[in-house]
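Participant: what's the 3D shape of this:
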Amino acid sequence: MRYEIRLEGRLPRNWTDWIDEFACTLGAKGETVLTGSVPDQSALVGLLTAICHMNLTVVSVKRLREEP
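Facilitator: Next up, the predicted model:
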């Protein structure tokens, strides 16, 4: 499953090491946009828990259409 996760502000460069499988870009409103795949719901919860433990604010989580 592919997801787009928007975080408030910019994610420090040294924090992007733990999200190797996600593309990290800067959104139009200065948000950090993570785009990538997770194998299942439990992996998504684990990722969101890690984000929470880093005191980052989640703006939105959006499931993306899978590429054919």
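Participant: ok so A28 is a strand residue?
Facilitator: No - assessed with DSSP: H, G, I helix; E, B strand; the rest coil, A28 is coil; it does not lie in a strand.
Participant: tell me, how many neighbours does it end up with?
Facilitator: Other residues lying near A28 total 6 when counted by other C-beta atoms under 10 Å. Quick note: C-beta positions are derived from backbone N, CA and C, even for glycine.
Participant: tell me which residues touch it, please.
Facilitator: For A28, the contact set (C-beta atoms under 8 Å, 6 or more residues apart in numbering) is empty.
Participant: in stretch 46-62, which residues are buried?
Facilitator: For stretch 46-62, burial by neighbour count (16 or more other C-beta atoms under 10 Å) applies to L47, L48, I51, L56.
Participant: which stretch of helix or strand covers the third one?
Facilitator: Pointing back at I51 there. If you go by DSSP states H and E, I51 is part of helix 41-53.
Participant: give me the contacts around that helix.
Facilitator: By C-beta under 8 Å, 6+ apart, the surrounding residues in contact with helix 41-53 are M1, Y3, I5, L7, W18, I19, V38, V58, V61.
Participant: three-state assignment of the last one?
Facilitator: On the three-state scheme (three-state DSSP), V61 is labelled strand.
Participant: that one touches Y3, doesn't it?
Facilitator: Yes - in this structure V61 lies within contact range of Y3 using C-beta atoms under 8 Å: 6.2 Å.
Participant: that concludes my questions; thank you for your assistance.
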